[in-house]
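S.K.: This is the structure alone, sequence omitted:
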């Protein structure tokens, strides 16, 4: 009897729990790896607690996947998923050693979302983000370096673009990060944090009841809000708005929206405006009996 293969793409919350859940059920059924093999494919060896990548101390936000997967008999492949052949039921993965092809009988697509990068001048070159562990670490290193930089307008100004949940959390962490950076250099300097969005209010997806609480917390931290504005370009000196106004800022953090992993376009299925694929009540991609989408890859059915 040939081994059946369950391949889970992504080691985030949805992917990790999918693999753990599959391993648990197989154990309950008395099916060992000689009958069904569960494999997780992830770009690195860590489960990243992504919602905490804005924090000052990123040490606890990465969990070694092998600490979870090895004891339960789940195989891990480290690499970037570059393609899916739905007809052949294979996944293409680029690893440090080259290209790998993984066959599957059941596929769980849990590669998550990505920060949306519109075609905005200077965004790729000069903006920071907290979308990944590496992005959060890069931002923290930059903030710690500010006291060593030459004086300039906006040296201690941070503009966070995007007033959704991620932008709010990133902005509210900035005052303490800036205070710490200045204190390490024995400096007592004023700083400025701006939370900007094209919407007319913060927390647009969090409901009317949450908004007063959010606004009160932002005000208590001395964070300025600039709402109903559009950023048209970013440079090392700051941001330029559609109105022509320039805001000097040495630090611009981009938190303006997410999109599903672009590999969702390979599925012959309906997708919403964020690129997420439609699923049924069992989280199967509609019209595909052996392919499932979990987490941020699919809206609730």
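M.R.: All right, it came through fine. These numbers come from a predicted model, not from an experiment.

S.K.: and the closest residue in space to residue 198 that isn't next to it in sequence, what is it in contact with?
M.R.: Ranked by Cβ to Cβ, 6 or more residues apart in numbering and with sequence neighbours excluded, the top spatial neighbour of residue 198 is residue 230, at 5.2 Å. Just so you know, the C-beta spots here come from the backbone N, C-alpha and C atoms, and that holds for glycine as well. When contacts are counted by Cβ atoms under 8 Å, 6 or more residues apart in numbering, residue 230 is found next to 198, 241-242.

S.K.: show me the contacts for residue 24.
M.R.: residue 72.

S.K.: what's the following helix or strand after the strand or helix carrying it?
M.R.: Secondary structure from DSSP states H and E places residue 24 in helix 13-29. For helix 13-29, the following helix or strand on the C-terminal side (DSSP H and E) is strand 36-42.

S.K.: Run me through the strand neighbours of that following strand, direction for each.
M.R.: strand 4-9 (parallel), strand 75-78 (parallel) (DSSP bridges).

S.K.: Just want the angle from it to helix 13-29.
M.R.: Relative orientation of strand 36-42 versus helix 13-29 (axes from the mean of the first three to the mean of the last three Cα atoms, to 10 degrees): 170 degrees.

S.K.: Identify the residues contacting the strand or helix carrying residue 137?
M.R.: Using DSSP H and E, residue 137 sits in helix 133-145. Taking contacts as Cβ under 8 Å, 6+ apart, the residues outside helix 133-145 that touch it are 46, 48, 50, 53-56, 58, 61-62, 128-130, 158, 177-178, 181, 184, 251, 253.

S.K.: Quick check on those: which are buried?
M.R.: Burial by neighbour count, judged by 16 or more other Cβ atoms under 10 Å, picks out 46, 48, 50, 53-55, 58, 61-62, 128-130, 158, 177-178, 181, 251, 253 from the contacts of helix 133-145.

S.K.: from those, which ones fall inside helices?
M.R.: 177-178, 181 (DSSP state H).

S.K.: Please convert those residues to a markdown table, extending it with distance to residue 15.
M.R.: Shown next, in a markdown table, are these (distance: Cβ to Cβ, whole Å):
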| residue | distance to residue 15 |
| --- | --- |
| 177 | 30 |
| 178 | 35 |
| 181 | 35 |
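
S.K.: Where strands are concerned, which of the contacts of helix 133-145 count?
M.R.: 46, 48, 62, 158, 251, 253 (DSSP state E).

S.K.: of all these, which two lie farthest apart?
M.R.: Longest distance between any two of these is 27.0 Å, between 46 and 158; criterion Cβ to Cβ.

S.K.: Excluding covalently adjacent residues, which one is nearest to residue 146?
M.R.: residue 181 (5.7 Å).

S.K.: what sits against the one you found?
M.R.: Here residue 181 is in contact with 143-144, 146-147 (Cβ under 8 Å, 6+ apart).

S.K.: again with residue 124
M.R.: residue 117.

S.K.: quick check, it in a helix?
M.R.: Yes: Residue 124: assigned to a helix according to DSSP: H, G, I helix; E, B strand; the rest coil.

S.K.: so where's the protein shaky on pLDDT?
M.R.: When residues are selected by pLDDT under 70, those of the chain lie in 1, 204, 297-301.

S.K.: Domain boundaries for it, per the record?
M.R.: If you go by automatic domain parsing, the domain ranges for the chain are 4-114+258-297, 117-254.

S.K.: Quick one: distance of the longest one to the chain centre.
M.R.: So the one you mean is domain 4-114+258-297. 15 Å (Cα atoms, centre = their mean, to the nearest Å).

S.K.: go on, the shortest one?
M.R.: Domain 117-254 sits 17 Å away from the centroid of its parent chain (Cα atoms, centre = their mean).

S.K.: Straight-line length of it, end to end?
M.R.: Distance between the two ends of domain 117-254: 9 Å, counting by Cα to Cα, to the nearest Å.

S.K.: ok, residue 71 to residue 31 distance?
M.R.: From residue 71 over to residue 31 the distance is 17 Å, taken as Cβ to Cβ, to the nearest Å.

S.K.: Could you do residue 199 as well?
M.R.: From residue 199 to residue 31 the distance is 50 Å (Cβ to Cβ).

S.K.: sorry, back to before: could you list the buried residues of the helix holding residue 24?
M.R.: So helix 13-29, judged by 16+ other Cβ under 10 Å, has buried residues 13-16, 18-20, 22-23, 26.
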